[in-house]
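*Asks:* need a structure here:
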Amino acid sequence: MPLDLVPIQRRSLLKAAALTMSTSFASPNRKPHVAVIGAGAFGGWTALHLLRNGATVTLLDTWGPGNSRASSGGETRIIRATYGPRRQYVDMAVRALQLWKENEKRWNCRLFHRTGMLWMAGAADETERASLPLLREAGVEFDELSAAQASKRFPQINFDNVKWAIFEKDTGFLTARRNCQTVLEHFLAEGGEYRETSVTPGALQGREMTAVTLSDGSGLSADQYVFACGPWLGKILPDVIGDLLRPTRQEIFFFGVPAGDLRYSEGQMPTWIDHGQEHLYYGVPGNEWRGFKAGDDTRGVKFDPTNSDRTPSPEAIRNVREHVEFRFPGLKGAPLVEARVCQYENTPDENFIMDRHPGAQNAWLLGGGSGHGYKHGPAVGEMMAAFVLGKKPLDPFFELARFKR
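*Replies:* Residues are numbered from 1 along each chain as shown. All right, here's what the predicted structure looks like:
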């Protein structure tokens, strides 16, 4: 049986019930023990990179990687490098794509679908214009297309209100929840420890965090703690994060394509972002036969990821259908075959948080994906592991101090 198909539960049973507890990080002759709380795109990859860099790692998650409440759940995520003037994310997206491909080959399982990524620019095209030099500098292969050229290449798309477009040739989409589960399986295969439990942070004593408490009442002591808790990060650490991270309700829809019509399959249709309308819409073709995915990137209302109802709203369905039928005329009247309510966990500037806990030298904060974090998971994990193990200095771009400047 291929490694990526081995059930997580069976592999977990082969692991020891606990790791050796330790509170010292000083001895050069033993591996540091790091506990990573959260097994989503950020936490799972951080745990894997820590493990590959010589740490002993315990990964913990309340409901499991890519679960239905998680921001890393659902079927697919776009991976693209067009980011306006934000060079950090252009470079990070390029590195992340390299790591997705490397691990795909290493594990002999598919993580990435190369469809190309079409970014449609409207009259206000400052973001797209600012992207061009950074894409070139980062070595991203792309075509700059007029609306007429784009229409000729993709005749199934109506380019009304589109001024011009960027077509990235080597990007596309990632399978989401399944990739989180795959990362966990290989983390276990490479010697990591996983526990499905909720976690309460430990007390702070002398600028150190003491053992965290698990939902069964037991404690877990480690040398370092990384809190990668997605939309729960502000609730778990209210005094440090609090309202700096705001979960919002986001709705995603999948439409059924006409029988035998391959124009909207991933073989002929690119992953897309439409900046030519009042709202920014995005979508993914195929989705491994789930349907034609479309969503509105506009931030929704405040959302409780644990207890909020996840029933799609008639208004959101109506708005997305209206956009799909305008931009993709061949999908007029297409049935809604699936829908999902998820969340973004937004920071005020929509940049990630990657920093040390201000009151504990051995605790770390990782989150704020803000609706665009998933694609960066491998690169974020690589960076965070280097921060935790002291191999790389923190980047001020991601530090909490930016909110006080």
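
*Asks:* and the next element down the chain from the lowest-mean-pLDDT helix or strand in the chain?
*Replies:* Across the helices and strands of the chain, mean pLDDT, DSSP states H and E gives its lowest value to helix 8-13, namely a mean of 36. Later in the chain than helix 8-13, the nearest helix or strand by DSSP states H and E is strand 33-37.

*Asks:* Look at the residue nearest to Val380 when sequence neighbours are not counted and give its secondary structure.
*Replies:* Excluding the flanking residues, the one nearest Val380 by C-beta to C-beta, 6 or more residues apart in numbering is Phe42, at 5.3 Å. Bear in mind the C-beta positions are built from the backbone N, C-alpha and C, glycine included. Put simply, Phe42 is helix when judged by DSSP: H, G, I helix; E, B strand; the rest coil.

*Asks:* Check the contact between Phe42 and Met383; I expect there is one.
*Replies:* No: checked against C-beta atoms under 8 Å, the pair Phe42 and Met383 is beyond contact range at 10.3 Å.

*Asks:* out of the two, which sits in the more crowded spot?
*Replies:* Phe42 (31 against 23; other C-beta atoms under 10 Å).

*Asks:* residues contacting that one?
*Replies:* 228, 230, 366-367, 369, 373, 377, 380-381, 384 (C-beta atoms under 8 Å, 6 or more residues apart in numbering).

*Asks:* just checking, which of those belong to helices?
*Replies:* Per DSSP state H, helices hold the following members of those: 377, 380-381, 384.

*Asks:* Tabulate those (CSV), appending neighbour count.
*Replies:* Putting those into CSV (neighbours: other C-beta atoms under 10 Å) gives the following:
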residue, neighbour count
Gly377, 29
Val380, 27
Gly381, 28
Met384, 28
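
*Asks:* Farthest pair within the residues you listed?
*Replies:* Gly377 and Met384 (10.4 Å; C-beta to C-beta).

*Asks:* Checking Met92 next. Helix, strand or coil?
*Replies:* Per three-state DSSP, Met92 ends up helix.

*Asks:* With adjacent residues omitted, what lies nearest to it?
*Replies:* Ala379 (4.7 Å).

*Asks:* show me the contacts for the one you found.
*Replies:* 92-93, 95-96, 99.

*Asks:* Swap in 10 Å and give it another go.
*Replies:* 45, 49, 89, 91-100 (C-beta atoms under 10 Å, 6 or more residues apart in numbering).

*Asks:* Same check on Ala81?
*Replies:* Here Ala81 is in contact with 89-94, 96-97, 117, 119, 131, 134-135, 138-142, 166, 168, 170-171, 375 (C-beta under 10 Å, 6+ apart).

*Asks:* quick one: contacts for the residue nearest to it when sequence neighbours are not counted?
*Replies:* Excluding its sequence neighbours, the residue lying closest to Ala81 (C-beta to C-beta, 6+ apart) is Ala93, at 4.3 Å. For Ala93, the contacting residues are 79-83, 138, 140, 168, 171, 372, 375-376, 379, by C-beta under 10 Å, 6+ apart.

*Asks:* Got the confidence number for Ala93?
*Replies:* With respect to pLDDT, Ala93 has a value of 98.

*Asks:* do Ser27 as well
*Replies:* Ser27 is given a pLDDT of 56.

*Asks:* start the count at 18, not 1, going forward
*Replies:* Taking 18 as the first residue, the last one we looked at is Ser44.

*Asks:* Helix or strand: which one has the closest residue to Arg127 other than its chain neighbours?
*Replies:* Using C-beta to C-beta, 6+ apart and skipping residues adjacent in sequence, the residue nearest Arg127 is Glu121, 6.4 Å away. Using DSSP H and E, the element containing Glu121 is helix 104-124.

*Asks:* With Thr144 instead?
*Replies:* Applying DSSP H and E, one finds Thr144 within helix 143-154.

*Asks:* Report the strands that pair with the following helix or strand past that helix, each with its relative direction.
*Replies:* Scanning forward in sequence from helix 143-154 by DSSP H and E, the next helix or strand is strand 159-163. Note on strand 159-163: by DSSP bridges, its sheet partners are strand 181-185 (antiparallel).
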